[in-house]
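Student: the amino acid sequence is not available; the structure is as follows:
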């Protein structure tokens, strides 16, 4: 298992393109396309928000009823959410346009959108963008990187990851790209993540693997507590690596799960660390918990706490905010057993131990909290389970960005 340069075009048989369709009213790329030279087994997970964008409804139908896909088209700038039947019809029109140009069924074309809610898509510009991308698809790294940049909204940089691993003597690649910076909260978010692999695997196992992995990756991140209408994770496997098709939970399936966890974890951390206005990535580890669920609940509660996030921004070791967030999480634990530590590249310091604050160096603690990546470690001392959640600090710029998001 090794991490390599690349993203969605790293796996064999996948092509990408991007274009400036002027959806955002600027000269920056705002549409992307992915295409596989062979039909793919597919998996997807989607927002838990009751209000779901038209592309979410379209893609869920492909995953649940069609079971395979060969292309994806995505736009940034307009979310195509709260747009009624007209918005859904535009999804179908986008898929049909891609299908005609690439000579594949429209039912095998995923559609995704991100941006402002409540606006209808400018279909003349969308169609022109699709036409431009269909003739410029490429397997080059630059094509995948261009696509990763084209799907961004308030993100500050592209988010990509790829790994190589071996299955039955065959080299297999898994790559991905994602976007997300604001309206990010556990149970998916205004985040889009697209994963591609040349692995041969059954659709049922692919869907099971993704569903289970999302619980410990994308569902463990939070920027602002808002769950979006558009969040989507899609995974496409075209089988071109020619490994014996994985149809049972054997050692090969375990290797794939390991690769999937690596890529999804890295992409999740990139989203959390690039939260709107953020200056630091916040990682919260709950260790020695009784159950996995207890650890998940507590770590997510801490990472979503505005007071904890403000504590990080101020580099202030106000550990009471962490304990408070643990206490209202809804999970049972004994606070008289808990130990708390802060850790970063500047070192590690224990702040609280078994019901009492320790005599710690405030200045050293502040230095540790001043690093770009800070980890809070909560040791429950009750069992063997653990979980990690990711978020970021809460800054003045978060308000500025969202106060004029539509301007």
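Tutor: In hand now; what should we look at? None of these values were measured; they are calculated from a predicted model.

Student: now the helix or strand containing residue 312: buried residues?
Tutor: Take DSSP states H and E as the rule and residue 312 turns out to sit in helix 306-313. For helix 306-313, a neighbour-count test (16 or more other CB atoms under 10 Å) marks 308-309, 311-313 as buried. All C-beta spots, glycine's among them, are computed from the backbone N, C-alpha and C.

Student: flag the shaky bits of the stretch 101-250 of the chain, pLDDT-wise.
Tutor: For the stretch 101-250 of the chain, the stretches with pLDDT under 70 are 181-190, 223-228.

Student: all strands for it, in order.
Tutor: 109-116, 159-167, 170-179, 192-197, 232-237 (DSSP state E, counting those that start in this stretch).

Student: for the fourth one, name the packing helices and strands.
Tutor: In terms of contacts (3 or more CB pairs under 8 Å, 6 or more residues apart in numbering; DSSP states H and E), strand 192-197 is packed against strand 31-46, strand 68-78, strand 109-116, strand 170-179, strand 232-237, helix 251-273.

Student: any chance of those in a markdown table, plus mean neighbour count and distance to residue 300?
Tutor: As requested, the helices and strands packed on strand 192-197 are exported to a markdown table (neighbours: other CB atoms under 10 Å; distance: least, CB to CB, whole Å):
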| stretch | mean neighbour count | distance to residue 300 |
| --- | --- | --- |
| strand 31-46 | 23 | 17 |
| strand 68-78 | 25 | 27 |
| strand 109-116 | 26 | 23 |
| strand 170-179 | 24 | 19 |
| strand 232-237 | 28 | 18 |
| helix 251-273 | 21 | 12 |
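
Student: need the ones you listed in CSV with distance to residue 332, can you?
Tutor: Formatted as CSV, those follow (distance: least, CB to CB, whole Å):
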stretch, distance to residue 332
strand 31-46, 29
strand 68-78, 42
strand 109-116, 38
strand 170-179, 34
strand 232-237, 31
helix 251-273, 27
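
Student: so for residue 373, which of the ones you listed sits nearest?
Tutor: Shortest distance between residue 373 and the helices and strands packed on strand 192-197, using CB to CB, is found for helix 251-273: 7.3 Å.

Student: so how far is that closest one off the chain centroid?
Tutor: 11 Å (CA atoms, centre = their mean, to the nearest Å).

Student: excluding its backbone neighbours, what's nearest residue 397?
Tutor: residue 277 (3.0 Å; CB to CB, 6 or more residues apart in numbering).

Student: SS state for the one you found?
Tutor: Per DSSP: H, G, I helix; E, B strand; the rest coil, the secondary structure class of residue 277 is coil.

Student: for it, phi and psi?
Tutor: phi 80, psi 0 (degrees, to the nearest 10).

Student: need the contact list for it.
Tutor: With contacts taken as CB atoms under 8 Å, 6 or more residues apart in numbering, residue 277 has the following neighbours: 394-401.

Student: now the buried members of those.
Tutor: For the contacts of residue 277, a burial check counting by 16+ other CB under 10 Å picks out 394-395, 398, 401.

Student: low-confidence ranges in the stretch 301-407 of the chain?
Tutor: Within the stretch 301-407 of the chain, the ranges that satisfy pLDDT under 70 run 404-407.

Student: what segments of it are strands?
Tutor: Per DSSP E, counting those that start in this stretch, the stretch 301-407 of the chain carries strands over the ranges 339-344, 347-353, 356-357, 373-379, 385-392.

Student: what comes up buried for stretch 50-67?
Tutor: Using 16+ other CB under 10 Å as the test for burial, stretch 50-67 gives 52-56, 58-59, 62-63, 67.

Student: and the residues you listed, which two are furthest apart?
Tutor: Largest pairwise distance in the buried residues of stretch 50-67, by CB to CB, is 21.9 Å, between 53 and 67.

Student: gap between residue 320 and residue 302?
Tutor: In this view, residue 320 and residue 302 are 12 Å apart by CB to CB, to the nearest Å.

Student: who's more crowded, the two?
Tutor: Between residue 320 and residue 302, counted using other CB atoms under 10 Å, the more crowded position is residue 302 (26 against 15).

Student: chain neighbours aside, what residue packs nearest to residue 396?
Tutor: Residue 396's closest residue in space is residue 277 (CB to CB, 6+ apart), at 7.1 Å.

Student: since we're on residue 324, how many residues are nearby?
Tutor: Residue 324 has 16 nearby residues by other CB under 10 Å.

Student: if I look at it, how far off is residue 340?
Tutor: 12 Å.

Student: likewise for residue 88?
Tutor: Residue 88 sits 48 Å away from residue 340, taking CB to CB as the criterion.

Student: the two: who's more crowded?
Tutor: Using other CB under 10 Å, the more surrounded residue of residue 88 and residue 340 is residue 340, with 22 against 17.

Student: contacting residues around the nearest residue to that one once chain neighbours are set aside?
Tutor: Nearest non-adjacent residue to residue 340, counting by CB to CB, 6+ apart: residue 352, 4.1 Å away. By CB under 8 Å, 6+ apart, residue 352 lies in contact with 319, 323, 338-340, 358.
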